[in-house]
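1. Have a look at this prediction, sequence included:
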Amino acid sequence: MNETLPSTKLSSEETKLKDLLRANSPAQRKKWALKAKSEGKKVVGLLCTFVPVELIHGAGMFPWRVSGTWQSHVYRALAWRDLDMCKYATHVLESMLEGEYDFLDGVIASDWDDDRRRLYDVWKLAGKQAFVEIVTMPKKATELSVGYFAQELRRLASHLERAGGQKIAPEGMREAIETRNHTRRLIGRLYEMRKRDVPPLTGAEFLGLTTAAMVMEPGEFNQRLEELWAFLETRDPGIAVGGPRVMISSDLLDNPTYVEIVENEGCLVAMDDLDTGSRYGWEMVDMQAEDPFEALARRYAHRPQDPPALDWERQAQQIIDWAREYNIDGVIELADDFSPPRRWRWPFFSRTLAAASIPVVRIPREYGIASTGPLQTRIRAFLEMIGQELL
């Protein structure tokens, strides 16, 4: 007698969602950039989320967030760099040397840290793109810092105009700002859903979604996400209820597999402190401001900050506020093993969270997925500690 097997066919909405979540996968991430090139637009790679995408769009170009190779082997890059250096920069360099970014018309970096500056130097030396720029990121949310960053953006705008051969029109800037604000509003609404006992997306899926916004054409991303809204309101992501709710804090983390590794140990990543996640989508650009450069500078200076910024008190307080708002049981700092800003911040950061009765652990990681055994062991031990404290 033949038994009827349960159907594993996904609904059309689930299929559309899965396709959207794969937008930043190695097989998909160039798709929209290459389409923009086929339409005659220049494509500019961004090495830092502090480079305003609105400015690139206003110049008639396509901004594209640069991910490094997710493979563990980086033989070419290690001829240029030591092992004990930023893994993101090393994996990006490997991809650049392999020719993966030859389609780019330009690249913009920031002075996030010495490693990012050195990556800029090597990229400029390699000479594969005529347009290679660097901007100084705001280190503190002060009026002086905002004013200086606005000046940096005006300088960058003039270089973009020369590279692109067109002026940045005020109406183009306004349209770009509104489109990206809309993206942030949509992401913000989804982050509100993370407060639920059972959110509609896993932590890994949230990271897939926010990184998709960084490589897709923004209008298309907004439309596809809006079309899925009713489905997401009631979607069951298959999350086991009852495990600890944790927050991941990191930088340059763009591979959802790392979040899956954490969640597979029996917890829910209910919030994140990532420049590729929450920090990317937080805060709007003021559409009413007379000076769009100042408005952009103010938004990027006042959004939740990264460890290289000099406002560690504000950064720690943001984590504490999110932990309480999202009912977080513990924070995992999943740091690049060679991230000096995070190492410098860690003693202050850990003491501050401990004083707020928030368990926190620092677990170094690679950029590409390599040996995961030690990572899983430390995650499991931390979750067991949290579980005992919750009893």
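-> Looks like it came in fine. Residues are numbered from 1 along each chain as shown.

2. Touching, residue 221 and residue 211? I think so.
-> No - with contact defined as Cβ atoms under 8 Å, residue 221 does not count as touching residue 211 (10.9 Å). Quick note: C-beta positions are derived from backbone N, CA and C, even for glycine.

3. which neighbours do those two share?
-> residue 23 (Cβ atoms under 8 Å, 6 or more residues apart in numbering).

4. which residues in the stretch 101-250 of the chain form strands?
-> 106-110, 131-135, 245-250 (DSSP state E, counting those that start in this stretch).

5. Hey, what's the angle from the first one to strand 131-135? Just curious.
-> By that I understand strand 106-110. Orientation check (axes from the mean of the first three to the mean of the last three Cα atoms, to 10 degrees): strand 106-110 against strand 131-135 gives 20 degrees.

6. So what's the gap between strand 106-110 and the chain middle?
-> In terms of Cα atoms, centre = their mean, to the nearest Å, the centre of strand 106-110 is found 16 Å from the chain centre.

7. now do the longest one
-> In terms of Cα atoms, centre = their mean, the centre of strand 245-250 is set 14 Å apart from its chain centre.

8. From the contact counts, what lies against it?
-> Strand 245-250 is packed against helix 256-263, strand 268-274, helix 312-325, strand 330-333, with contacts defined by 3 or more Cβ pairs under 8 Å, 6 or more residues apart in numbering; DSSP states H and E.

9. which residues touch that strand?
-> With contact meaning Cβ under 8 Å, 6+ apart, strand 245-250 is reached by 203, 259, 262, 267-274, 319, 322-323, 326-336, 365, 383, 386.

10. In contact with the residue lying closest to residue 166 once chain neighbours are set aside, which residues are there?
-> Spatial nearest neighbour of residue 166, chain neighbours left out: residue 60 (5.4 Å); criterion: Cβ to Cβ, 6 or more residues apart in numbering. Residue 60 makes contact with 41, 42, 164, 166, 172, according to Cβ under 8 Å, 6+ apart.

11. Residue 60 and residue 51: what is the separation?
-> 16 Å (Cβ to Cβ, to the nearest Å).

12. residues in contact with stretch 150-164?
-> Here stretch 150-164 makes contact (Cβ under 8 Å, 6+ apart) with 42, 44, 51-52, 55-56, 58-61, 105-106, 108, 130-131, 133, 135-136, 167-168, 291, 293-294, 296-297.

13. Please report how far residue 154 lies from residue 173.
-> 12 Å.

14. Around the nearest residue to residue 205 once chain neighbours are set aside, how many other residues sit close by?
-> With sequence-adjacent residues excluded and distances taken as Cβ to Cβ, 6+ apart, residue 205 is closest to residue 21, at 5.6 Å. Residue neighbour count, defined by other Cβ atoms under 10 Å, stands at 21 for residue 21.

15. and residue 21, what does it touch?
-> 205, 208, 209, 212, 256 are the contacts of residue 21 under Cβ under 8 Å, 6+ apart.

16. what comes up buried for stretch 28-47?
-> 28-30, 32-33, 36-37, 41-47 (16 or more other Cβ atoms under 10 Å).

17. So for the top helix by length along the chain, mean pLDDT?
-> If each helix of the chain is counted by residues according to DSSP state H, the longest one is helix 170-193. Averaged across helix 170-193, pLDDT comes to 94.

18. If you compare the directions of that helix and strand 268-274, what angle comes out?
-> Using the same axes, to 10 degrees: helix 170-193 against strand 268-274 is 150 degrees.

19. Now do the buried residues in helix 170-193.
-> Residues 172-173, 176-177, 179-184, 186-187, 190-191 are the ones in helix 170-193 that count as buried (16+ other Cβ under 10 Å).

20. In helices, which of the contacts of stretch 150-164 appear?
-> 55, 56, 58, 293, 294, 296, 297.

21. Neighbour count and pLDDT added to these, as CSV?
-> Formatted as CSV, the ones in helices among the contacts of stretch 150-164 follow (neighbours: other Cβ atoms under 10 Å; pLDDT from 0 to 100):
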residue, neighbour count, pLDDT
55, 25, 94
56, 25, 95
58, 27, 92
293, 21, 95
294, 18, 95
296, 27, 96
297, 24, 95
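
22. Which two among these are spaced furthest apart?
-> Using Cβ to Cβ, the pair of these lying farthest apart is 56 and 294, separated by 17.9 Å.

23. Just give me the residue closest to the centre of this structure.
-> With distances taken as Cα atoms, centre = their mean, residue 276 lies nearest the centre of the chain, 0.9 Å away.

24. quick one, phi psi at that residue?
-> phi -100, psi 10 (degrees, to the nearest 10).

25. Excluding covalently adjacent residues, which one is nearest to it?
-> residue 254 (5.1 Å).

26. go on, residue 92?
-> Nearest residue to residue 92, sequence neighbours excluded (Cβ to Cβ, 6+ apart): residue 68, at 4.0 Å.

27. so what pLDDT did that neighbour get?
-> Per-residue pLDDT puts residue 68 at 95.

28. Quick check: it vs residue 345, distance?
-> Taken as Cβ to Cβ, the span from residue 68 to residue 345 is 23 Å.

29. just residue 236 next, same as before
-> 38 Å.

30. Compare neighbour counts for these two and give me the winner.
-> Neighbours per residue, other Cβ under 10 Å: of residue 236 and residue 345, the larger number sits with residue 345, 21 against 7.

31. so what's the more buried one up against?
-> Residue 345 makes contacts with 307, 312, 315, as judged by Cβ under 8 Å, 6+ apart.
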